[in-house]
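> Dropping a prediction and its sequence here:
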Amino acid sequence: MTEDRSGRLARRYRLLSVVGSGGMGTVWRARDELLDRDVAVKEIRPPGPATEAERAALGRRLLAEARATAALRHPGAVAVHDVVVERGRPWIVMEFHESRSLARLIDERGPLGVRRTAEIGAALLSVLRAAHAAGIAHRDVKPGNVLVRDDGRVLLTDFGLALHTGRPQHEDIPDAPDAPDGVEGGGPVAGIEGSPAYLPPERVRGGPGGPAADLWSLGATLYAAVEGEPPFLRSHALGSMVAVLLGDYPPPRRAGALAPVIEGLLRQRPDERMPAAEAARLLETAAAGGGSLVPRPRPPWRPGAPAPRRPRSGAVASVTALALVAAGLGTWTARWTSVGNGDAAAPAADPFVELAPYREADAYAVRVPAGWPAERRGAVMRWRDGASGRGLRIAPAPGDPLAGLRAAERAALAQGRHPGYARVRLGPGPGPRGGAEWEFTWRDADGGRHGVCTRVAGYELCFATPESRWRPDRRLYDRILASFRPDGADGADAAPER
């Protein structure tokens, strides 16, 4: 962090708490002490050791994001207030919104209804059409980059991968079509950025993407919202990309009036996708409760099942090239997340883990994964899922939260409890509830492990999972944490999932 000792950035913005973090950055809630208002501050933070050139590239990308966002004047885009450069690093100061990401809403509630999904889709499409008219392609549309405020307003955020051509891009002129034979753009490259399950075919092949690519990603986002899980999410990033290239996804079964929009936007060829104007019309109709609400009969789907029509030779060549690249690298080395949530590089967890209420008399209420065996040791409660290697612990933790976690870290190191220990972060807790959070990794006999401990309201919640499951399981832990209620606070029962 590059703020002064008082916790202020540029002697003006006081950093308060972390509200979001991802593979390459952190978003802080801060107080603008000059204008007396809350703001959001985005900080670039590389996931590991980085060269000076890599840090400079990240800084340039952050500035490009600020310029792209500032050029887009739309109520559905998060406004940029300021860019602060300290010690050679840029920070973006943006308007702050009390909100949750669409990804979190899906995790918490499961599939959203047709009308609500249509409302969200219409709002997103309005932002995208304005961006395309201004010559900006977002290139990272996914549920993690969609904010939903408590009043229902929808915002598109994180223009970190945006392509700003400087000239308007007509929404109904498609990107370059796929080559009829062979691989467009020289094949997939290890430097592609984005989330595999939301990456359109032309981007997987190494193309830059444009307005039509954003529309494809919007279709995948709508599918995830109305069905409860992404259409192309597989157990590994490579599997997700192969599914994208083949157009291999389960037919939507809950989409109702949204089915034609989703299927139209997810067409393989950019020049065959549903135009933005037609998608907007159908989304508005569905949001108003119109259109057919009965899905068309579809045959059962299974992963890898033959597509309804024969894949074109270009798609087959692309899959072959993708496999060769992955084999040559040994492991897939692309950085899949921009600043924000990453969505699909890890093996898929259960798409929706059911939580059941648990109450500790005169202590707290919380919702925990249904079916996980419970174990009590004095005032400490543990829940373990032996099949997946996941575990949750809740225990009393009086005193200063941050000081307590620092002491816990020192004790763990002194006792050698976590071989191969590496701290990810130790600092203020996320969200408005305060407290503190400690995230770390280590290794045991079964391989890499990832853990997080949160201290809030006199209690400590700790969650551990295999490293390969961390991304989806972090969202599971966030659901558990959001339900936690100390006795006498906000009612006697754990907050229900809505």
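Thanks, I have the structure now. Numbers count the residues shown, from 1 in each chain.
> CA atoms for contacts and neighbours, from now on please.
Noted.
> Going along the chain, name the helices of the protein.
In the chain, the helices defined using DSSP state H lie at 52-71, 102-109, 114-133, 201-204, 211-227, 237-246, 259-265, 276-287, 313-329, 401-415, 470-483.
> From the chain's centroid, how far away is the first one?
Okay, so that is helix 52-71. Helix 52-71 sits 20 Å away from the centroid of its parent chain (Cα atoms, centre = their mean, to the nearest Å).
> Output the below-cut-off pLDDT ranges for this structure.
Within the chain, the segments meeting pLDDT under 70 span 1-7, 21-25, 45-50, 162, 164-193, 235, 290-352, 430-434, 488-498.
> care to break it down by domain?
Listed domain ranges for the chain are 8-95, 99-329, 355-486 (source: automatic domain parsing).
> still on that earlier bit, Serialize the helices of the chain to CSV and add fields for mean neighbour count and distance to Gly429.
CSV is the format used below for these (neighbours: other Cα atoms under 10 Å; distance: least, Cα to Cα, whole Å):
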stretch, mean neighbour count, distance to Gly429
helix 52-71, 18, 24
helix 102-109, 21, 17
helix 114-133, 22, 29
helix 201-204, 27, 36
helix 211-227, 27, 28
helix 237-246, 23, 30
helix 259-265, 22, 37
helix 276-287, 19, 37
helix 313-329, 17, 37
helix 401-415, 15, 9
helix 470-483, 20, 11
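> Rebuild the ones you listed as a markdown table, extending it with distance to Leu147.
Converted to a markdown table, these look like this (distance: least, Cα to Cα, whole Å):
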| stretch | distance to Leu147 |
| --- | --- |
| helix 52-71 | 15 |
| helix 102-109 | 6 |
| helix 114-133 | 10 |
| helix 201-204 | 24 |
| helix 211-227 | 13 |
| helix 237-246 | 24 |
| helix 259-265 | 20 |
| helix 276-287 | 18 |
| helix 313-329 | 33 |
| helix 401-415 | 29 |
| helix 470-483 | 15 |
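> Of all the ones you listed, which one is nearest Gly371?
Nearest to Gly371, of all the helices of the chain, is helix 470-483, at 14.4 Å by Cα to Cα.
> Please save the CA atoms from the closest one in PDB.
Extracted in PDB, the C-alpha atoms of helix 470-483 (Å, rounded to 0.1, in the frame of the first residue of the first chain):
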ATOM      1  CA  TRP A 470     -10.200 -21.900  -3.800                       C
ATOM      2  CA  ARG A 471     -12.000 -19.600  -6.200                       C
ATOM      3  CA  PRO A 472     -15.400 -21.200  -6.000                       C
ATOM      4  CA  ASP A 473     -15.000 -22.000  -2.300                       C
ATOM      5  CA  ARG A 474     -14.100 -18.400  -1.500                       C
ATOM      6  CA  ARG A 475     -17.600 -17.600  -2.700                       C
ATOM      7  CA  LEU A 476     -19.000 -20.300  -0.500                       C
ATOM      8  CA  TYR A 477     -17.200 -18.900   2.500                       C
ATOM      9  CA  ASP A 478     -18.500 -15.400   1.700                       C
ATOM     10  CA  ARG A 479     -22.000 -16.800   1.800                       C
ATOM     11  CA  ILE A 480     -21.300 -18.400   5.200                       C
ATOM     12  CA  LEU A 481     -19.700 -15.200   6.500                       C
ATOM     13  CA  ALA A 482     -22.600 -13.000   5.300                       C
ATOM     14  CA  SER A 483     -25.100 -15.200   7.300                       C
END
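> Give me the distance from it to the chain's centre.
Distance, centroid of helix 470-483 to centroid of chain: 12 Å (Cα atoms, centre = their mean).
> which helices and strands does it pack with?
helix 102-109, strand 364-369, strand 459-466 (3 or more Cα pairs under 8 Å, 6 or more residues apart in numbering; DSSP states H and E).
> Trp372 against Met381, yeah?
No: taking Cα atoms under 8 Å as the definition, Trp372 is not a contact partner of Met381, at 12.0 Å.
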